[in-house]
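>>> Next come a sequence and a model predicted from it.
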Amino acid sequence: MGDGTAPGAGTAPSLDWFNPFAVSDPSGLVTGVILCLFIYWGWDSLISVNEETTERSRTPGRAVLISTIILLVLYCGASVAALGFGGIRLITSPHAISDVLSVLGPMSTGQVFGRVITLAIGLSALAALFTVAVSTPRSWLSMATYRALPAAVARVHRTHRTPHVATYWWAGISCATVVLLTLLSTDFIGLAVLAIGVMIAAYYAATAVAAIVYFAPDMRRNPGRLLVAGVLPGLGAVLMLIAFVASAIDMARPDYAGASILGIGTVFWIGIGALVLGVVVTIAVRPAFAAFFAKRTIPVGRYGDTDFVIADPVEPGSSEPHRVEPDLGAPTSLPAIREER
């Protein structure tokens, strides 16, 4: 494979493959970035379960860094191997483009190991589904705890100590959405997958900006944290915004993915439409969760300091905000989480 003599008209690997400035098609580069966001999506699930891990102030952070490096090595290795063995023409052919590894596996390793590769692909898809099943309900648990969702969503199972109510709601809504959209159009799911990347870029950028705003007081008191809590998130937000805008412009082309509505690419309508719908829903529910939007349930101060408080009293009728004990080994103080009896 290294000298380009592998069967299947493989392409000899080159360092230019890893140089973004060597790409002649900017549109292809943007598409690749958005695709990377999609395939990396779920890496942060390890942080979502920090309350359920040992040494939760250290283990989740280390696990995220290690998993990111492992994913980078695996993705780069698989990509180089696919191009080096099969070549661009083979992996972009109609019978291979939807599942490259299932096609190249038997060709490169034989039928027996090819089936093993196919099984591994299925297990990886199942694992990807589980990352969403783990992270989304726990995000909802956090939102409900801070009164950004109904209190019932914050219920935790008495035995398993997991947010089972949020998990049930996530499963039900996800299944109903997939079934409904599939009934509307058999092509919708495939187009939605293309649109997910631009939505991920948008919420990663929003998260980075929110982190800068939230930790700004801490950065003023501790300039040493400026790089980690300010510069790096800011750089990430800028890169995500660039990818978002460039991808949205590309998706708006009527010939993008071969489908369009009113002269604009269908993928654009799905991606940007979902984001606009989210903004509309947020504005609509604002009165129902006034305490959260007024920032009365959001902790203020620096984590670990004695002035780290929740502005809105936890106990009804209390005139003093709830003060948090500076214990880095414990989760941040939250309004009471309900246990299922």
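Done, it's in.
>>> Val179: what secondary structure?
helix (DSSP: H, G, I helix; E, B strand; the rest coil).
>>> How many residues are close by it?
For Val179, the count of nearby residues is 10 (other CB atoms under 10 Å). Using the backbone N, CA and C atoms, a C-beta is placed for each residue, glycine as well.
>>> contacting residues around stretch 246-257?
Stretch 246-257 has contacts (CB atoms under 8 Å, 6 or more residues apart in numbering) with 26-27, 30-31, 33-34, 191, 194-195, 197-198, 201, 260, 263-268, 271-272.
>>> just checking, which of these belong to helices?
26-27, 30-31, 33-34, 191, 194-195, 197-198, 201, 266-268, 271-272 (DSSP state H).
>>> quick revisit: now the buried members of the contacts of stretch 246-257.
30-31, 33-34, 191, 194-195, 197-198, 201, 260, 265-268, 271-272 (16 or more other CB atoms under 10 Å).
>>> excluding its backbone neighbours, what's nearest Glu52?
Once flanking residues are discounted, Glu52 sits nearest to Arg161: 6.9 Å by CB to CB, 6 or more residues apart in numbering.
>>> Tell me the spacing between that neighbour and Ala151.
18 Å (CB to CB, to the nearest Å).
>>> which stretches of the stretch 151-300 of the chain form helices?
In the stretch 151-300 of the chain, helices defined by DSSP state H, counting those that start in this stretch lie at 164-184, 188-221, 226, 232-251, 266-285, 290-293, listed in chain order.
>>> Could you break the chain into its assigned domains?
Per automatic domain parsing, the structural domains of the chain span 186-297, 299-328.
>>> In JSON lines, list these along with mean pLDDT and distance to Glu51.
As requested, these are arranged in JSON lines below (pLDDT from 0 to 100; distance: least, CB to CB, whole Å):
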{"stretch": "domain 186-297", "mean pLDDT": "87", "distance to Glu51": "18"}
{"stretch": "domain 299-328", "mean pLDDT": "43", "distance to Glu51": "13"}
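>>> can you put these in JSON lines and add distance to Ala81?
As requested, the domains of the chain are exported to JSON lines (distance: least, CB to CB, whole Å):
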{"stretch": "domain 186-297", "distance to Ala81": "23"}
{"stretch": "domain 299-328", "distance to Ala81": "43"}
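>>> give the contact list for the most centrally placed residue in the chain.
Nearest residue to the geometric centre of the chain (CA atoms, centre = their mean): Trp41, 3.9 Å. Residues near Trp41 by CB under 8 Å, 6+ apart: Thr131, Ile196, Ile200.
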